[in-house]
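Asker: This is a predicted model, with the sequence first.
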Amino acid sequence: MSHDTIFALATPPGRGAVAVIRLSGPQVAGTLEALGAGGLKPRLAGVRTLAHAGAALDQALVLRFVAPHSYTGEDVAELHLHGGRAVVEAVSAALIDTGLRPAEPGEFTRRAFQNGRMDLTQAEAVADLIDAETSAQARQALGQLEGALAQTYAALRARLVRALALVEAEIDFPDEDVPENLARSAGPVLDELIQALEAALGDAARGERVRDGYRVVLIGETNAGKSSLFNALVARDAAIVTPIPGTTRDVLDAELTLGGYRVILSDTAGLRDSDDAVEAEGVRRARARAESADLRLWVRAPGDPDGAAAPFVRSGDLIVWTKADLGAPAGEGLSVSAATGAGLEALRAALTDRVTAALSGSDFPPVTRARHRRRLEAARSAALSARHRLADAPELAGEELRRAGAALAAVTGAVGVEEILGEVFANFCIGK
Ligand SMILES: Nc1nc2c(c(=O)[nH]1)N(C=O)[C@@H](CNc1ccc(C(=O)N[C@@H](CCC(=O)O)C(=O)O)cc1)CN2
Ligand SMILES: Nc1nc2c(ncn2[C@@H]2O[C@H](COP(=O)(O)OP(=O)(O)OP(=O)(O)O)[C@@H](O)[C@H]2O)c(=O)[nH]1
Ligand SMILES: [Mg+2]
């Protein structure tokens, strides 16, 4: 671990009322002293005129934290400056002159992790909380920061350790009828573990959807009114609308917040066979999106044939009859008019119900990123192999269980850290 002392602007760049520069590392106390902000009691803010090379830089509010009682676990200081570009520039230059270096993205949190202040799921939660734009994203990230995900994986690992202990006991102290004993004692514990892993994977989508967005796609015949409805729902003129069938080609995404959840709404090409290569590619993309979305809105105008979209519609999807101003719906479903706005609020409410039903839950989700899901899948497949080998090859079963344990431990960063660190901290912002 490096002994560099790092600094970064913790507040957004640009002009602001106050700008905070954060410092972390062994040189913090000396640096404060050198800038004229020495002698501060830990965790007690003081106002100091910062100066360097004979020039006053700012009248700042300064805070200092002493290792290990800080965010990073190292000596930390915060310089709360007047938020002008020149002030921040001058103080940054003085810090570099004093021997500090600018922090890499995520480096403060990386140090917090490496100093045992938090596990990897909590470090991820810090990034998620900063990126949160909806209340559900923020709530989930805060739960994760407070250890909800770490607890889930600790419980799974405890189960696994119990199963492994039984398997190893049988290997170390074999009776005359080893296979039967094993199947009797370790089998049920292992079955429970597999069940817990299956349950976690069965509920894996929810947390990822809260974080990344619930994906809703508009599908239907050409000219059904998908793009008009898309524009009406996102309340801006995002998609091209014309009376010409086959107007939309690319998939167009826009974000909405419904019931506090992030929703990604996609407009797509009307589904029809076409000799035009561009349109055919658009239709291929529309179908692919229809397959992978969490919810499909089948957009239909009165008089539309019902052939092309029907194969993609699943139970729970919504049928939306458009152009209500022109004629009555020909079947079951909601009825809207993009032209008059009729029915849009009811559609919005129906969508909100679907999203809320799909994403809300009383338990904290067992997965909030693909990284967690992949490790859970690896743990499940290793645990299943262990189960199959339990009777005839207990040593191999033990090995598979250790593999499963490593997969779970990688989620919190208890093992296999080096290869994961880059992935976890790659998307952090500077100053965190
Ligand atoms: N000004 C400021 N606000 C901030 C942060 C910060 O670094 N600076 N944070 C940064 O993300 C978050 C708060 N997180 C923090 C977590 C732990 C400690 C800390 O000093 N922990 C010590 C003391 C605990 C205590 O006072 O009880 C410790 O755990 O030993 C500081 C901030 C959000 N707000
Ligand atoms: N009267 C009326 N016309 C509508 C309504 N919605 C769409 N239209 C018209 O129907 C035509 C097709 O609308 P679009 O929204 O482009 O239809 P689309 O489903 O996106 O069509 P493609 O992109 O070709 O698949 C346009 O002329 C729209 O103005 C509506 O609610 N009422
Ligand atoms: Mg369109």
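Answerer: On my side now, so go ahead. Ligands and ions are numbered 1, 2, ... in the order given.
Asker: CA atoms for contacts and neighbours, from now on please.
Answerer: Fine.
Asker: got the residues of this structure near ligand 3?
Answerer: Proximity of the chain to ligand 3, by Cα under 5 Å from the ion, involves residues 227, 248.
Asker: try 6 Å this time
Answerer: 226-227, 247-248, 269 (Cα under 6 Å from the ion).
Asker: mind listing the helices for the stretch 151-300 of the chain?
Answerer: For the stretch 151-300 of the chain, the helices defined by DSSP state H, counting those that start in this stretch occupy 178-202, 204-212, 226-234, 277-292.
Asker: re the thing from before, looking at the residues of the chain next to ligand 3, which two lie furthest apart in space?
Answerer: Lys226 and Thr247 (10.5 Å; Cα to Cα).
Asker: Same drill for those two, tell me which one is more crowded.
Answerer: Between Lys226 and Thr247, counted using other Cα atoms under 10 Å, Lys226 has the larger neighbour count: 31 against 18.
Asker: Residue ranges in the stretch 1-150 of the chain under the pLDDT threshold?
Answerer: For the stretch 1-150 of the chain, the stretches with pLDDT under 70 are 1-2.
Asker: Spell out which parts of it neighbour ligand 1.
Answerer: Selection of the stretch 1-150 of the chain residues close to ligand 1 by Cα under 6 Å from any ligand atom yields 69-71.
Asker: Please pick the buried ones from those.
Answerer: 70-71 (16 or more other Cα atoms under 10 Å).
Asker: coming back round to it: the helices of the stretch 151-300 of the chain: lowest mean pLDDT?
Answerer: The stretch with the lowest mean pLDDT among the helices of the stretch 151-300 of the chain is helix 178-202, at a mean of 84.
Asker: just checking, what packs against that one?
Answerer: helix 148-172, helix 370-389 (3 or more Cα pairs under 8 Å, 6 or more residues apart in numbering; DSSP states H and E).
Asker: Would you mark the buried spots in the longest one?
Answerer: The one in question is helix 148-172. 148-150, 152-153, 156-157, 159-161, 163-164, 166-168, 170-171.
Asker: Where do the strands of the stretch 1-150 of the chain begin and end?
Answerer: 6-9, 18-24, 46-52, 55-65, 76-82, 101-102 (DSSP state E, counting those that start in this stretch).
Asker: orientation of the fourth one relative to strand 76-82 in degrees?
Answerer: What it means is strand 55-65. 140 degrees (axes from the mean of the first three to the mean of the last three Cα atoms, to 10 degrees).
Asker: Strand 55-65 packs against which elements?
Answerer: strand 46-52, strand 76-82, helix 85-97.
Asker: okay, the ones you listed in TSV with mean neighbour count next?
Answerer: Listed next are those as TSV, based on neighbours: other Cα atoms under 10 Å:
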stretch	mean neighbour count
strand 46-52	17
strand 76-82	24
helix 85-97	17
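Asker: Out of those, which gets nearest to ligand 2?
Answerer: Smallest distance to ligand 2 across the helices and strands packed on strand 55-65 (Cα to the nearest ligand atom): 46.6 Å, for helix 85-97.
Asker: List, out of the residues of the chain next to ligand 3, those positioned next to ligand 2.
Answerer: Answer for these near ligand 2 (Cα under 6 Å from any ligand atom): 226-227, 247-248, 269.
Asker: which one of those residues is nearest Val234?
Answerer: Ser227 (10.5 Å).
Asker: Pull the contacting residues for that closest one.
Answerer: Listed by Cα atoms under 8 Å, 6 or more residues apart in numbering, the contact partners of Ser227 are 239-241, 248, 267-268.
Asker: Out of these, give me the one that has the most neighbours.
Answerer: Thr268 (30 neighbours).
Asker: about what we covered before: I'd like the helices and strands packed on helix 178-202 laid out as CSV, including distance to Pro329.
Answerer: Listed next are those as CSV, based on distance: least, Cα to Cα, whole Å:
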stretch, distance to Pro329
helix 148-172, 47
helix 370-389, 41
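Asker: Select from the ones you listed the stretch with the lowest mean pLDDT.
Answerer: Among the helices and strands packed on helix 178-202, helix 148-172 scores lowest, with a mean of 88.
Asker: which residues touch that helix?
Answerer: Under Cα under 8 Å, 6+ apart, the answer for helix 148-172 is 119, 121-122, 143-144, 178, 181-182, 185-186, 189-190, 193, 196-197, 364-367, 390, 394-395, 397-398, 401-402, 405, 408-409, 411-412.
Asker: now do stretch 217-225
Answerer: 226, 230, 243-247, 265-272, 286, 289-290, 293, 295-301, 304-305, 308-309, 322-323, 338.
Asker: List the ones among those residues that fall in strands.
Answerer: Counted as lying in strands by DSSP state E, out of these, are 265-267, 295-300.
Asker: Tell me the one among those nearest to ligand 3.
Answerer: Asp267 (6.8 Å; Cα to the ion).
Asker: Test my guess that that closest one contacts Leu252.
Answerer: Yes: here Asp267 reaches Leu252: they are 5.1 Å apart, a contact under Cα atoms under 8 Å.
Asker: which stretches of the stretch 301-432 of the chain form strands?
Answerer: 318-321, 334-335.
Asker: give the contact list for Phe425.
Answerer: 105-107, 110, 124.
Asker: again, only using 7 Å
Answerer: Gly106 (Cα atoms under 7 Å, 6 or more residues apart in numbering).
Asker: sorry, back to before: need the helices of the stretch 151-300 of the chain in a markdown table (columns: distance to ligand 1).
Answerer: Compiled in a markdown table, the helices of the stretch 151-300 of the chain are given as follows (distance: least, Cα to the nearest ligand atom, whole Å):
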| stretch | distance to ligand 1 |
| --- | --- |
| helix 178-202 | 29 |
| helix 204-212 | 19 |
| helix 226-234 | 33 |
| helix 277-292 | 36 |
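Asker: which stretch among the ones you listed comes nearest Gly16?
Answerer: It's helix 204-212; of the helices of the stretch 151-300 of the chain, that one is closest to Gly16 (Cα to Cα) at 29.0 Å.
Asker: if I look at the residue nearest to Ala309 when sequence neighbours are not counted, how far off is ligand 1?
Answerer: Nearest non-adjacent residue to Ala309, counting by Cα to Cα, 6 or more residues apart in numbering: Gly220, 5.4 Å away. According to Cα to the nearest ligand atom, to the nearest Å, Gly220 and ligand 1 sit 47 Å apart.
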